[in-house]
Structure formats: structure tokens, C-alpha cells
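Q: generate a structure from the sequence data that follows.
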Amino acid sequence: MSHERFAALIADLTTTLPADHLDVWAGVLVNVATPDDGAVVAELADARPGFSVGVHAARLIRSWRTEAPDLPGAAVALALRSAALLQRRTEARRTELAVSGPTTVAGPVRLTNSVVVEVIRAARSTLLVASFAAYGVAEVITELLSAAQRGVHVDLILESSIEDGGALRGSSGAAATFAALRHQATFWHWPAARRVAGGNPRAALHAKLVAADSRVALIGSANLTDRALSHNIEIGVVLHDPDVVHRLVTHFQALTDPRTGVLQRLP
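A: Numbering: from 1, shown residues only. Okay, here's the model as predicted:
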């Protein structure tokens, strides 16, 4: 007997009901022998009350009865627990949106300045920060100092001024904004000679990134400036997938490798 439709119904419930709800239902069904138990729908609805729960419970039992009547309740319970586990793992690797500037009613988003602070506070061992421009951001500097004081290794990858071979207009590069961290963080820049060697002397260090412990990262359009974090129209994504964040951090670690990387540590 094919159980594809029943499996599809359980998958659909996974996108509708929270994982805790699925676990509670599994606890009910593990002791149910067949879908013909007349009280099971009510038991499911009572086990975890909520909006339209009875409708979803009835769908589950109806599909079980018509698409997979040979399965015992213990098997259905196992499928629900598996679905709940997958939902939790997916949620742990979710991607969120971050915005600066005016918000809309299009959907829930995070504010860039809040996300930057949150990611910095999440760091326990390492922080990787990259920005093209930097100005102001007193709260970010305070949070970075706090991270360094609790033992987090902070790497700052920042663009230089035109005078120093970079692409930033003005007499100083982005590193000047973080002078308070001069002895608490490692500063990196892209020397002009290495840009020439790479074939494009006008290339810019334009990345914007805040990554904590290879676990969570914010990437987007916003520089570390007060306007970009709060007032400009900027967008970004918050990555919670450790595999993706690890690859991202590893890329920058390769760029800072003293043997092969193009970035150089500031003295």
C-alpha cells in the first residue's frame, strides 16, 4: 500500500503546527491501535488546544484511515516525532531578513542595528567584522569592546582611504572609527600593492559582514555607519546555518592567511 498521500499530509501539518504540538500528538497516538478509535480526534484536540486544532486533527485521522489504515498508531507517532525533529532542525538553520530605514507591512523583519548588536553579543570565541565604511556606531564599538573583554577574538577587516591605497574618500580609512579597539582587536586591510598584483588597483574591500563563532552571521548592504544601520534603506540577511556561516568565515580566513591571502594585518 502506498502511503505517499498520508506522508504528504504529515508534511503539510509540519508547516502548520509547531513542533511541540506534533510531539504532544505523537504521545497520544503511540497508544492508539487504529484510526477507527472514535475518540481519538477529540483526544488530539484536547491534548493541545488552539485555533483550528480540531480541523487539523480530523484531517490527520481521516487521511490515516483512508491512506494508511495498515499503520499502527505507534508508526504514526514516530512519523510525527520525526517531522517535529526536522522542523526544529530547519528552524535552527533559518534565514531572517534585516532592514534599515523605513519599514513596511510586507512581513516581519529585524532592524539592522539591533541584529548587529545581537550577533556581537552571541559571540563566545570569535568575531569577524568586515565593512567598507565606518563612522560613529558608538553602540557597536561598546559591544565589540565588551566582547573582547570577555575573551572573544575580534578580527576587523576594513577599507583604507584613497591616500593609503584604498577606495574610501577622505584622509582616514574605516579603521579610524575603531581606535578604541586598537589593542583589543586584530585589524586587517587590503594593501594597494596586493590589489595591483591581483590585476585591478581600483578594486575595493566592499564586504559587509558580522559573524559570531561560525554559527550566526549578518550579511547585507549596510556599512558600519550610524546612517546605514538606522536611517538608510538597507537590506541584509541573518544566517543561522552553521555550515554556511563556517564556509563564509573560512573564506575570509583564507584571505587573511599570511602565506596566500591578499589581506594584511595592520601593525
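Q: now do the buried residues in the helix or strand encompassing residue 7.
A: Assignment of secondary structure by DSSP states H and E places residue 7 within helix 4-16. Counting neighbours by 16 or more other C-beta atoms under 10 Å, one finds that the buried residues in helix 4-16 are 6, 9, 10, 13, 14. Heads up, the C-betas are built off the backbone N, CA and C, glycines and all.
Q: who's in contact with the residue nearest to residue 135 when sequence neighbours are not counted?
A: With sequence-adjacent residues excluded and distances taken as C-beta to C-beta, 6 or more residues apart in numbering, residue 135 is closest to residue 225, at 4.5 Å. If a contact means C-beta atoms under 8 Å, 6 or more residues apart in numbering, then residue 225 has 133, 134, 135, 136, 137 as its contacts.
Q: before we move on, the earlier item: what's the closest of the buried residues of helix 4-16 to residue 204?
A: Distance ranking of the buried residues of helix 4-16 against residue 204, using C-beta to C-beta, places residue 14 first at 44.2 Å.
Q: give me the pLDDT for the residue nearest to that closest one when sequence neighbours are not counted.
A: The shortest distance from residue 14 to any residue that is not its chain neighbour, by C-beta to C-beta, 6+ apart, is 4.3 Å, and that residue is residue 83. Among the per-residue scores, residue 83 holds a pLDDT of 93.
Q: secondary structure of residue 83: a helix, I assume?
A: Yes. Under DSSP: H, G, I helix; E, B strand; the rest coil, residue 83 sits within a helix.
Q: now do the strands in the stretch 151-267 of the chain.
A: When assigned using DSSP state E, counting those that start in this stretch, the strands of the stretch 151-267 of the chain occupy the ranges 153-158, 186-189, 209-212, 216-220, 224-225, 234-239, 264-265.
Q: all helices of the stretch 151-267 of the chain, in order?
A: Under the criterion DSSP state H, counting those that start in this stretch, helices of the stretch 151-267 of the chain are mapped to 192-197, 226, 242-255.
Q: out of those helices, which gets nearest to residue 147?
A: Distances from residue 147 to each of the helices of the stretch 151-267 of the chain were compared using C-beta to C-beta; the minimum, 15.6 Å, belongs to helix 242-255.
Q: is it fair to say residue 98 lies in a strand?
A: Yes. Under three-state DSSP, residue 98 falls within a strand.
Q: that one: what's it in contact with?
A: Contact analysis of residue 98 by C-beta under 8 Å, 6+ apart lists 109, 110, 111, 112, 115, 218, 220, 235, 236, 237, 238.
Q: quick check on the residues you listed: which are buried?
A: By the neighbour-count criterion of 16+ other C-beta under 10 Å, these include these buried positions: 110, 112, 115, 218, 220, 236, 238.
Q: greatest separation within those residues: which pair is it?
A: Across these, no pair lies farther apart than 110 and 220, at 10.8 Å, counting by C-beta to C-beta.
Q: what's the burial count for residue 101?
A: Neighbourhood size, residue 101 [other C-beta atoms under 10 Å]: 16.
Q: nearest residue to it in space, please, no chain neighbours.
A: When the adjacent residues along the chain are set aside, residue 101 lies closest to residue 233, with 4.1 Å between them (C-beta to C-beta, 6+ apart).
Q: doesn't residue 112 make contact with that neighbour?
A: No. Counting by C-beta atoms under 8 Å, residue 233 stays clear of residue 112, with 10.6 Å between them.
Q: between those two, what contacts are shared?
A: 99, 100.
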